[in-house]
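Novice: coordinates only, sequence not included:
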């Protein structure tokens, strides 16, 4: 099965701070699935590194208050296009991210707090029938 995966989980330094978030459970899935690396924030036109972003009042804003919602929407649309083109029925995305977060995301206060919800990419993929899992649930795809 083709699985869209947050590129940072595969060791690519594309997170907001320029680092990776390599995840051994995700990497182990290369034995059973075709993993398609993707970073919606980069595809949306944002640089690496970049200022931290969180969702506040339905908009994605940087820590200094700049609205970057449109870049996040562009990246989400590209993720959906890639899923449709490559037949990815599942996406494994980085926990808590304003793009990729699935189920719980940062709360928009930049204090480390969490709230229920999805990042823009996770939400768009779900709306279009793609199964979305946070990286913390990667084991569900094993086997």
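Specialist: Yep, that arrived. Bear in mind the structure is a predicted one, so any value in this text is a computation, not a measurement.

Novice: quick one: residue 38 and residue 92, what's the gap?
Specialist: 10 Å (CB to CB, to the nearest Å). C-beta here means a position set from N, CA and C on the backbone, and glycine is covered the same way.

Novice: Who has more neighbours out of those two?
Specialist: Remark: of residue 38 and residue 92, residue 92 carries more neighbours, 30 against 24, as counted by other CB atoms under 10 Å.

Novice: those helices in this protein, which residues are they?
Specialist: 24-28, 40-43, 69-86, 120-127 (DSSP state H).

Novice: what angle separates the longest one from helix 120-127?
Specialist: The reference is to helix 69-86. 40 degrees (axes from the mean of the first three to the mean of the last three CA atoms, to 10 degrees).

Novice: Spatially nearest residue to the most centrally placed residue in the chain, not counting backbone neighbours?
Specialist: For the chain, the residue nearest the mean C-alpha position is residue 100 (2.3 Å; CA atoms, centre = their mean). Spatial nearest neighbour of residue 100, excluding adjacent residues (CB to CB, 6 or more residues apart in numbering): residue 93 at 3.5 Å.

Novice: now residue 104
Specialist: residue 114 (4.9 Å).

Novice: Beta-bridge partners for the one you found, please?
Specialist: Applying DSSP bridges to residue 114 yields these beta-bridge partners: residue 106.

Novice: I'd like the distance between it and residue 103.
Specialist: Distance from residue 114 to residue 103, by CB to CB: 10 Å.

Novice: Those two - which one has more neighbours?
Specialist: Higher neighbour count among residue 114 and residue 103: residue 103, with 17 against 13, using other CB under 10 Å.
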